[in-house]
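Student: need coordinates for the following:
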Amino acid sequence: MRKMLAVCLAAALAALTACGAPKEEAAAESTASSTEEAVSAATEESRPEFSMEDIVWTVEEGIVDEERYVLMGYTNQSPFTIAGLKIIFTEKEGISDEEKEAFYTEVQQAFDLDESIMEQIRGQAISLHTESERAVAPGGSVSNIHCYYYSGAYYVKDMGHYELVEPDIAVVRYVADGEIYTVNYDFRTDKYTLDNEIEKAYQWTATDLGNQIPKPETEIVEAGVDDEDTFMFDAYGMSLERFNAYVEACKEQGYTENASSSDGYYTADSADGYSVNLSYYEEDGRMSATVRAPEEPVQSEPETEAESEAAETGMEQTEEASASETPAADPAGIRPEFQQAMDSYEAFFDEYCAFMQKYAESDGSDLTLLADYASFMSQYSEMAADFEAWGEEELSDAETMYYLEVQTRINQKLLEAAA
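Tutor: Okay, the predicted model is just below:
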């Protein structure tokens, strides 16, 4: 098991470094691509049915996990489900040089940035952003959404820094007629630009695996791996209660064998050999699910008479030895500390992939992202050390399966981030 963990961890690190420290060439390609998309979208500029006036948002100081942060919240008064909201803030006009210098000094001290990075920051307008991918139905609200400096991943904790900026652009993803549309709103001109790209809101496999698991009763389902052997998807707009109801639906469909569960987690097999793995993430109201087809038995060549006799003798000796030993504990369960370690492992890579997406969307001139990257690599070293410690442990079948589920999801996300 230790060898498997080491190999998978090395593979993840290879993928992470392949995504790599931000490079000017990748940034240039990303900028060119973004420019082409923006030009294409601008040709279809129009005011859609959606109105930003229906998103009643606020930014204020709040407390999360016993620490003060600058947090955004909003209420959706539109007739559409909001699939995502991002607001970009830019420097207010009339900010004094003294106010700017105080901001730069406080940021440098807070994140221990060196002068080369600060030189680049001083050459840019002050900027913050906030974003949420939580699905919010009409009339619904969401709160405690963090604000970040520039296009990076550092949390804003000083309300005085927010007072230096004003809203510039909002990017809203909303559901209409089973499709997800993306609209860009300009706070300065009160104009809307509708992106050309339209996504299907409910993505479900066409393979037989789609018949082997209940369809979530939610408006947004995003498919991941989708082939004859494995189907992975994320269902948004889920609460813990709805997750538990979905677990019960899976049980009714026969997923009760070799079952293991904890708060926000369930895995089990069916009598036909199908397996399901479900996890709930409260922060973004998301259920991550995987269903796998039965593994086909390996067809071995017929044994010779001598091989058959040797095998029978070996089995007899094994049975005798087993009879003299104390029976082992049931390995079917998942220890809470193991699940927590795996979930933290996946959460780290979720944050890293989100960071790489932010960098791809930047013009490559924001060197605060380099500091963010260094921070991620430092966190990775600590996380890797903790993760490798599990190589000394004997994992149960359920823990091994859960580990592979997590690693498969991470590999998929890293591939998408590197694309």
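Student: contacting residues around whatever helix or strand residue 110 lives in?
Tutor: In this assignment (DSSP states H and E), residue 110 forms part of helix 97-111. For helix 97-111, the external contacting residues (C-beta atoms under 8 Å, 6 or more residues apart in numbering) are 113, 118, 121, 122, 126, 149, 154, 157, 158, 161, 164, 371. For every residue, glycine as well, the C-beta is placed using N, CA and C.
Student: quick one: least confident of these?
Tutor: Minimum pLDDT across these is recorded for residue 371, with 56.
Student: doesn't residue 152 make contact with residue 351?
Tutor: No. Judged on C-beta atoms under 8 Å, residue 351 makes no contact with residue 152 at a distance of 11.7 Å.
Student: of the two, who's got more company?
Tutor: For residue 351 versus residue 152, the count of surrounding residues by other C-beta atoms under 10 Å is larger for residue 152: 24 against 14.
Student: Provide the backbone phi and psi angles at residue 137.
Tutor: Residue 137 adopts backbone torsions of phi -70, psi 160, taken as degrees, to the nearest 10.
Student: what's the separation between it and residue 52?
Tutor: Applying C-beta to C-beta, to the nearest Å, the value for residue 137 to residue 52 is 18 Å.
Student: which one of those two has more residues nearby?
Tutor: Neighbours per residue (other C-beta under 10 Å) separate residue 137 from residue 52, with residue 52 holding more: 18 against 14.
Student: isn't that one up against residue 169?
Tutor: No. Using C-beta under 8 Å, residue 52 makes no contact with residue 169, being 10.6 Å away.
Student: buried residues in stretch 346-357?
Tutor: 346, 348, 349, 350, 352, 353, 355, 356 (16 or more other C-beta atoms under 10 Å).
Student: now intersect the residues you listed with the helices, please.
Tutor: Among those, the members falling in helices (DSSP state H) are 346, 348, 349, 350, 352, 353, 355, 356.
Student: just send those residues back as CSV, with distance to residue 407 and pLDDT too.
Tutor: Listed next are these as CSV, based on distance: C-beta to C-beta, whole Å; pLDDT from 0 to 100:
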residue, distance to residue 407, pLDDT
346, 9, 79
348, 13, 77
349, 10, 80
350, 14, 76
352, 15, 77
353, 14, 79
355, 20, 73
356, 18, 75
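Student: which single one of those is nearest to residue 90?
Tutor: Of all these, residue 355 has the smallest distance to residue 90: 20.9 Å, by C-beta to C-beta.
Student: what is the burial count for residue 84?
Tutor: 19.
Student: what pairs with the residue lying closest to it once chain neighbours are set aside across the strands?
Tutor: Nearest residue to residue 84, sequence neighbours excluded (C-beta to C-beta, 6 or more residues apart in numbering): residue 173, at 3.9 Å. With DSSP bridges as the criterion, residue 173 is bridged to residue 84, residue 182.
Student: surely residue 173 is in contact with residue 81?
Tutor: No. Contact criterion C-beta under 8 Å: residue 173 and residue 81 do not qualify, at 9.6 Å.
Student: any chance you could map the strands in the stretch 151-300 of the chain?
Tutor: Remark: strands assigned in the stretch 151-300 of the chain by DSSP state E, counting those that start in this stretch are 165-176, 179-186, 191-194, 199-200, 220-226, 230-236, 257-262, 265-269, 275-281, 286-292.
Student: tell me the mean pLDDT over stretch 101-108?
Tutor: 93.
Student: tabulate the CA atom coordinates of it in CSV.
Tutor: What follows is stretch 101-108 as a C-alpha-only set of coordinates in CSV (Å, rounded to 0.1, in the frame of the first residue of the first chain):
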residue,chain,number,x,y,z
GLU,A,101,1.2,53.6,0.0
ALA,A,102,-0.5,52.6,3.2
PHE,A,103,-2.3,49.8,1.3
TYR,A,104,1.0,48.6,-0.3
THR,A,105,2.8,48.6,3.0
GLU,A,106,0.0,46.6,4.8
VAL,A,107,-0.2,44.1,1.9
GLN,A,108,3.5,43.6,1.9
